[in-house]
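**Q** Provided below for reference: sequence and predicted model.
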Amino acid sequence: MANPLSEFLRSYLSVGIFVGLSFVLFGLLMVISWALRPNRPQAGKYINYESGVDPVGSTWSQSQVRYYIFALLFVIFDVEAVFIFPWATRLEAYGTFGLIEMFAFITILILGLVYAWRKGVLKWA
């Protein structure tokens with residue numbers, strides 16, 4: 001009869017071997033790609049280039065925070081839709097308690113939207 005601890009450790013050993021082989025394969029593929037790639041340095045390769053326009057002036061620019069807040073609000077209400085969809089498909093199974101809980105959830109989100117609206121976050125300009 002085999003020792004149960006050695007079976008347990010043997011399963012971890014097989015996982016460790018696969019992890020080690022994956023690192024070796026990764027390193028081998030990186031070395032092969034480095035050896036086979038063309039290497040033709042040119043000055044034009046090292047300048048910043050975006051949207052077909054050569055950079056003019058300083059590369060540092062300050063972005064307004066409201067764009068990030070707008071994006072976060074979008075993500076919050078997108079997640080709200082993800083939570084509402086399963087609830088809507090199983091409404092009869094949840095009953096009255098599920099209905100009350102969803103109204104509480106939507107009320108909290110509406111309060112957050114009203115707060116953001118009053119703070120002027122939703123003004124795009």
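**A** Everything's here; your move. Numbers count the residues shown, from 1 in each chain.
**Q** need the helices for the protein, in chain order.
**A** Listed in chain order, the helices of the chain (DSSP state H) span 4-36, 65-89, 91-118.
**Q** Pull out the buried residues from stretch 61-80.
**A** Neighbour-count burial for stretch 61-80 flags 73, 80 (criterion: 16 or more other Cβ atoms under 10 Å). To be clear about C-beta, it is placed using only N, CA and C from the backbone, and glycine gets the same treatment.
**Q** How far off centre is it?
**A** Put simply, stretch 61-80 sits 14 Å off its chain's centre (Cα atoms, centre = their mean, to the nearest Å).
**Q** Tell me how far Pro38 lies from Leu99.
**A** To Leu99, Pro38 is 64 Å away according to Cβ to Cβ, to the nearest Å.
**Q** neighbour count winner among those two?
**A** It is Leu99, of Pro38 and Leu99, that has more neighbours when counted by other Cβ atoms under 10 Å, with 12 against 4.
**Q** contacting residues around the more buried one?
**A** Contact criterion Cβ atoms under 8 Å, 6 or more residues apart in numbering gives Leu91 as the residues in contact with Leu99.
**Q** Check what pLDDT it gets.
**A** Leu99 carries a pLDDT value of 88.
**Q** Off-centre distance for the helix or strand of the chain with the lowest mean pLDDT?
**A** Lowest by mean pLDDT, DSSP states H and E among the helices and strands of the chain is helix 65-89, with a mean of 83. With Cα atoms, centre = their mean as the basis, helix 65-89 stands 14 Å off its chain's centre.
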